[in-house]
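**Q** coordinates for the following, if possible.
(2 chains)
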Amino acid sequence: DTGVSQDPRHKITKRGQNVTFRCDPISEHNRLYWYRQTLGQGPEFLTYFQNEAQLEKSRLLSDRFSAERPKGSFSTLEIQRTEQGDSAMYLCASSLAGAGGGRRETQYFGPGTRLLVL
Amino acid sequence: GQNIDQPTEMTATEGAIVQINCTYQTSGFNGLFWYQQHAGEAPTFLSYNVLDGLEEKGRFSSFLSRSKGYSYLLLKELQMKDSASYLCAVIGDDYKLSFGAGTTVTVRA
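**A** Residues are numbered from 1 along each chain as shown, chains lettered A, B, ... in the order given. Sure thing, here's the model as predicted:
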C-alpha cells in the first residue's frame, strides 16, 4: 500500500492527558501537512513540513500542540493537556513539491485519527 | 485571508445531474481542487483546475473561471455511492490548501 497512513485511527482520552498521533506519508513525497476537521466543516490547516523542516504553523496551533518530522519521513503530532475542544478528526496529507507547483502539489490524505476528549 | 463559499446541502435523484458551485476570494491563486469525502473518511482527490475551462473525467467534470473567482463540480449519472461531502479547496501563493465547508450531496432513489 503506497498511500498515506495514520495511527491510531481512533483515540479516546480524558481531559488533561497527552496524546500523540503518527503519520506516514507517501514515500517519495517531500511535503507533509496536518489538518484538523470538525463536524460539518472543511479541514483547517495546522502545520506543514518540507522534508524535516517545519515551514509554517497556523495560529490555531496553540502551545499545547507540537509536531515533528525528524528524518523527513514520518511525522508525529502531540497534544499536551488535552481539552474537550480538541475533539476532532486530525488529518495528515502529503504531496510532492517541485518547481512549477500545480498538479504536483496535489495533496493526498490519510484516513485520519478521530480524537475524543472526555 | 481566504474566503471560499459553497452551498451546504444538495439533494438529487439517482441518474440525474448535480452542479456544485464554489466561489472564492484568496491571496494569490495556484489552482483549485475538488475532493470527495464520505462520512468518517478522509478526503479523496477528484479534480484540479488551474486554467480557465472545463476538465472532464468520466462522470465528473470541473470548471474554472479565474476572472470570476468561480468553479463548479458537475456530477453526471448520479449513483447512490456519490452521496458524500464535496470540498472545494484553493491553493494560494503560500501553497497551502484552504477548504470550503463542503457541500453534502444526498442521492435519492
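**Q** where do the strands sit along the chain?
**A** Picked chain A for this. Listed in chain order, the strands of chain A (DSSP state E) span A:5-7, A:10-13, A:19-24, A:31-37, A:44-50, A:53-57, A:65-68, A:75-79, A:88-95, A:108-109, A:113-117.
**Q** hmm, I had chain B in mind actually
**A** If you assign secondary structure with DSSP E, the strands in chain B sit at B:3-5, B:9-13, B:18-25, B:32-37, B:44-49, B:53-57, B:60-65, B:70-75, B:84-91, B:97-99, B:103-108.
**Q** need those strands in TSV (columns: mean pLDDT, mean neighbour count and distance to residue A:43).
**A** Every residue, glycine included, has its C-beta placed from N, CA and C. As requested, the strands of chain B are arranged in TSV below (pLDDT from 0 to 100; neighbours: other C-beta atoms under 10 Å in any protein chain shown; distance: least, C-beta to C-beta, whole Å):
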stretch	mean pLDDT	mean neighbour count	distance to residue A:43
strand B:3-5	94	15	12
strand B:9-13	97	13	19
strand B:18-25	97	18	15
strand B:32-37	96	23	9
strand B:44-49	94	17	13
strand B:53-57	94	11	22
strand B:60-65	97	19	19
strand B:70-75	98	20	17
strand B:84-91	95	25	8
strand B:97-99	92	23	5
strand B:103-108	97	17	15
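**Q** how about low-confidence regions in chain A?
**A** A:1, A:99-104 (pLDDT under 70).
**Q** which bits of it sit near chain B?
**A** Proximity of chain A to chain B, by C-beta under 8 Å from any C-beta of the partner chain, involves residues A:4, A:33, A:40-45, A:48, A:56, A:91, A:93, A:97, A:101-103, A:105-112, A:114.
**Q** ok, of the residues you listed, which come out buried?
**A** Buried members of those, counted by 16 or more other C-beta atoms under 10 Å in any protein chain shown: A:4, A:33, A:42-45, A:48, A:91, A:93, A:97, A:105-112, A:114.
**Q** picking up where we left off before, redo the strands of chain A as JSON lines? Include distance to residue B:30.
**A** Compiled in JSON lines, those are given as follows (distance: least, C-beta to C-beta, whole Å):
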{"stretch": "strand A:5-7", "distance to residue B:30": "26"}
{"stretch": "strand A:10-13", "distance to residue B:30": "34"}
{"stretch": "strand A:19-24", "distance to residue B:30": "24"}
{"stretch": "strand A:31-37", "distance to residue B:30": "14"}
{"stretch": "strand A:44-50", "distance to residue B:30": "15"}
{"stretch": "strand A:53-57", "distance to residue B:30": "15"}
{"stretch": "strand A:65-68", "distance to residue B:30": "24"}
{"stretch": "strand A:75-79", "distance to residue B:30": "23"}
{"stretch": "strand A:88-95", "distance to residue B:30": "12"}
{"stretch": "strand A:108-109", "distance to residue B:30": "17"}
{"stretch": "strand A:113-117", "distance to residue B:30": "28"}
